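>>> kindly generate the corresponding structure for this input.
(2 chains)
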Number of protein chains: 2
Amino acid sequence: MIGVAADRTPDALRACAAKGVPVAIAYASGFAEIGPQGAALQTELAEICRETGIRLLGPNCLGLIAARDAVTVTFSSSLDEGDSLASGPVGFVSQSGAFGTSIMSRLRDAGIGVSAYVNTGNEADLDAAEILTALTLDDDVSVLLAYLEGVRDGDRFVRMARRAAEVGKPLVVVKVGRSAAGARAVSSHTGSLAGEDAVFDSVAGQFGVLRVDGVEPMLDLAQLLATGRRMRGPNLAVLSISGGAGVLTTDAAEANGLVVAPWDETWQARMADVIPPFGSPVNPIDVTASLISEPDLLGRALDLALEHPGTDAIVVVLTNVERGSNAVVEALREAADRTAKPLVVVWIGGSGRPAQTLTAAGVPTYRDPQRAVAALAALSGYHDRPPLPATPEFDDIDPAAARAVIDKAHAAGRVQLDELESAQVLAAYGIPMAAALPADTPAGAAEAAARLGFPVAVKILSAAVGHKSELGGVRLSLTDAPAVENATREVLEAAADAGVDDARVLVQRMAAAGREMALGAKNDPTFGPVVLAGSGGVLIELIEDRSLALARLTPGRPSG
Amino acid sequence: MIGVAADRTPDALRACAAKGVPVAIAYASGFAEIGPQGAALQTELAEICRETGIRLLGPNCLGLIAARDAVTVTFSSSLDEGDSLASGPVGFVSQSGAFGTSIMSRLRDAGIGVSAYVNTGNEADLDAAEILTALTLDDDVSVLLAYLEGVRDGDRFVRMARRAAEVGKPLVVVKVGRSAAGARAVSSHTGSLAGEDAVFDSVAGQFGVLRVDGVEPMLDLAQLLATGRRMRGPNLAVLSISGGAGVLTTDAAEANGLVVAPWDETWQARMADVIPPFGSPVNPIDVTASLISEPDLLGRALDLALEHPGTDAIVVVLTNVERGSNAVVEALREAADRTAKPLVVVWIGGSGRPAQTLTAAGVPTYRDPQRAVAALAALSGYHDRPPLPATPEFDDIDPAAARAVIDKAHAAGRVQLDELESAQVLAAYGIPMAAALPADTPAGAAEAAARLGFPVAVKILSAAVGHKSELGGVRLSLTDAPAVENATREVLEAAADAGVDDARVLVQRMAAAGREMALGAKNDPTFGPVVLAGSGGVLIELIEDRSLALARLTPGRPSG
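Have a look, this model is predicted:
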């Protein structure tokens, strides 16, 4: 390590490249994060990398820690505490130094081992997706964590996520900028585009990325994923020391989409033989506080719950248990060893020391039912995720016809298409539309309707009008010429009242009854073309039943 | 305290009453929680209380702790740790012993002082609402917490909640049984009815009760409420040591309905004079890690944020700060002392020890942004709650006319009214309905339509059919007799296809265009009459835009 200030960094990087150094780390700040002058310096670094082939981590970063190799190339304060770093199944990449370091200290407190921690900083060259890709190839890493403020290259991120899903290494991401205020702040903080959050969400859903909203949800999930256990369905057996705590856990589980189904009479009878008469064998199972004085009872109840064919995971709920906690910890540890199913503990009260012992023994342990079931629900969703998107087929399309419509609108000085033009563009791409004709007058509309065949709809036709219904600009199911003429007059008047003077109407054949759908498309600056499908109609904003997905339709551009 | 087993408790209670003891505590288990035999014993206790006037806490409870009087009438394990109990502004009532004790230990760990803790157990006599009512009169208690599995008496609970709201003592409740599976488990656990959860939710909303879903949300909110500070609006100033952590906090705040608005240029310029040039003065404000080496900088930034007219509360976000943490803690404590506004700290990384110091000094401190802003959002909502429901006026109604319709249906062996009968009952209570007539045949329907005036709707009329549209049993906007006859034929055929042989049709005048509303009413076993209002139509289950409220319309029954 050599101390180099920002303005001397390009020379130092060139010198390293000349000496054949393959990878360098630039710790110095004073680049894009301080404004235009620093940004120019950062561009110079990127250019040196491109020209010479040297790879660069940073600048404005804290470096990396590879615990298993005892390599610590950082000035991070995460080692301030003087504890040695525990190696383990986690690989963690953070774009923020300070934030990443604080997550590192929380991982250590939670007893979660980290093989590699990399802070990518300003990402002049190497970005988070590249580091994560490398970690998917690392045999010591089975769980990927990332703290992201932006995605440099959408395609690269998608390829990385696809690979992580294919090799079965779950990736948990905290990405800031979900709110409008947050996205604005990201832009000013990093100088990078936050991108539309819904698009990132959609990418996460399509490629099995587990997005969480905070530090604790990330830790909670990492603890569970680090066990490497699979959850084959959403069904929990809940065993509780207290009836109420078991019910609270059940409420939380069901709110998270998990299932706590009552056992049938045969299984209830078997459990009733194990637990005291004032317990409950139904599921949630109230094992009662007798489990403290008789840890053997807990072991037998756990074995029965594991044997039950409907158990995909077990949650054990404890309240204050201090006296006798060693035996309880031992019984839980042994039961966890006897099964491949996830077994987690919620230890609500007490000093927290027995819970730490249990965590250290590899049994995920939480202090609140909500947090335990949120982690289990994410695990269940991960193992039950839909298949990765296939590389799509290329369809015959007629871009020239679409181009002509758009060019004509541009020539008229417009950047927004009206409904008729939009329909023409869609038709050029093979999407069927109900037959329609424009008209300027009531008489013209009646004539158009006669050509199309009744019943028809009459709608305002104007690129200036977005929500036609709210303006009174739509008349449906018109069955004869007078009704069409009348509707056209009313619709044009409504448009004039709303200040739209040049409106025409679109006369359109009524489609057969069916579901209304909304379809949309846009070009995301980070991830490229995105399509939207959802329920449509006037309530579209209220219902919000919609889904985004990456569209990879151009043959020249391979899918993720 | 005298050791008494369950079956000796009635005699002991009678003996106490005879000696003029005003209040007794029964710790013993072996009552309603073990089945019918125990339930009989519990009923006997309740009768002794009614007859003699003695009040009873329990049975099956752990007693109470009144920390400020150093009274500890419990065998609870919450004192196992050997620490002395800190007195403070919280009064806590729990129906569950084990769960209550574990919350007590977490309150102690979080540094939240508790003046009184009462475990009400089976509530043969005194219930949670009565104890909470008593705590609203206790000058040492300013924050009420409750863990509930059921509500014994809805009216009493509502009166208590009204009083708590009137005297400005916030009540935070964890109530189990939110999910169907949870409600089922509560019934089997306590033998008491869980009640419909949506009704409890509505009561909470109407009377300012802060319902939370878990132990940690309760602790997080209690910590904030214990400061007694008011939040006059939803606007936060977010000051962060790290840009990313500030953005994550902003995302969480906005997701919880709080606002992090950017500062205008004048205020930005003032903040820019305080923070380093590589920080951000916009809000969220990136104070940068310089605050560690210059705690004075933090103090000045805090003062500016407090002075800003748009600041209703301040959130300070720290990551790993260990070296220099004493000065940071001191700067935060002093700033909190200089203002009456809520000031909370999110201290994400590090050892957690400085955060504990800060908590002990009365500055609410959290380890995760989500949890801090969730507590602030609840506080903001509490201070911005709608006024309490007024005692409603009594309206003229004609119950006899309604009774006649219902009696006639009963006489015909039915317990469900059809649409026409329902309309007649509503009309008896002064609710206007669109004019309607029943018909058995297409011709009869056409005649009815002529009498009502076109356009009309034709609907299946049968007490056996709930969702008419799904059956194809509704035809709208029929404008002439042939259309009505045709529709009637189709609707009756659809009914026959669905196995409804005795269906008639209801011919109803079309109402003018407007919003579809759903209105409903039911008798809740715990809280009495409840009314529902919401958006209606075929999408009612999808949209779920509805609201419940207690209806207190009978003059003999005073409102909450």
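
>>> report how many residues lie close to the residue of the stretch 51-200 of chain A found nearest chain B.
As assessed by Cβ to the nearest Cβ, chain B sits closest to A:S102 within the stretch 51-200 of chain A, at 2.4 Å. Just so you know, the C-beta spots here come from the backbone N, C-alpha and C atoms, and that holds for glycine as well. By other Cβ atoms under 10 Å in any protein chain shown, 29 other residues sit near A:S102.

>>> got it, and A:F200?
A:F200: 26 neighbours (other Cβ under 10 Å).

>>> could you measure it against A:V186, distance?
Distance of A:F200 to A:V186, computed by Cβ to Cβ, to the nearest Å: 12 Å.

>>> could you do A:L426 as well?
Taking Cβ to Cβ, one finds A:L426 at 35 Å from A:V186.

>>> again, but for A:T319
In this structure, A:T319 and A:V186 are 42 Å apart, going by Cβ to Cβ.

>>> about what we covered before: just checking, next helix/strand downstream of the helix or strand encompassing the residue of the stretch 51-200 of chain A closest to chain B?
Assigned by DSSP states H and E, A:S102 belongs to helix A:97-109. Going down the chain from helix A:97-109, the next helix or strand is strand A:114-119, by DSSP H and E.

>>> next, the angle helix A:97-109 makes with that following strand.
Counting by axes from the mean of the first three to the mean of the last three Cα atoms, to 10 degrees, strand A:114-119 lies at 170 degrees to helix A:97-109.

>>> mind giving me the packing neighbours of strand A:114-119?
strand A:63-66, strand A:90-94, helix A:97-109 (3 or more Cβ pairs under 8 Å, 6 or more residues apart in numbering or on different chains; DSSP states H and E).

>>> need those in JSON lines with mean pLDDT, can you?
JSON lines is the format used below for the helices and strands packed on strand A:114-119 (pLDDT from 0 to 100):
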{"stretch": "strand A:63-66", "mean pLDDT": "86"}
{"stretch": "strand A:90-94", "mean pLDDT": "96"}
{"stretch": "helix A:97-109", "mean pLDDT": "89"}
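
>>> related to what we said a few turns ago, the residue of the stretch 51-200 of chain A closest to chain B contacts B:V346, correct?
No: at 10.2 Å, A:S102 does not count as touching B:V346 under the criterion of Cβ atoms under 8 Å.

>>> contacts only, for A:G177.
Applying Cβ atoms under 8 Å, 6 or more residues apart in numbering or on different chains, we find A:G177 in contact with A:149-150, A:183, A:185-186, A:194-195, A:197, B:247, B:251.

>>> just those now: which is nearest B:Q37?
Using Cβ to Cβ, B:D251 is the member of the contacts of A:G177 that lies nearest B:Q37, at 55.7 Å.

>>> any idea how many residues pack against the closest one?
30.

>>> likewise A:V212?
Residues near A:V212, counting by other Cβ under 10 Å: 21.

>>> could I get the phi/psi values of it?
Dihedral pair for A:V212: phi -120, psi 160, per degrees, to the nearest 10.

>>> how far away is it from chain B?
10 Å (Cβ to the nearest Cβ, to the nearest Å).

>>> could you break chain A into its assigned domains?
A:6-225, A:236-383, A:399-509, A:517-550 (automatic domain parsing).

>>> now those domains as CSV including distance to B:A518?
Formatted as CSV, those follow (distance: least, Cβ to Cβ, whole Å):
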stretch, distance to B:A518
domain A:6-225, 31
domain A:236-383, 24
domain A:399-509, 22
domain A:517-550, 15
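
>>> appreciated, that's everything.
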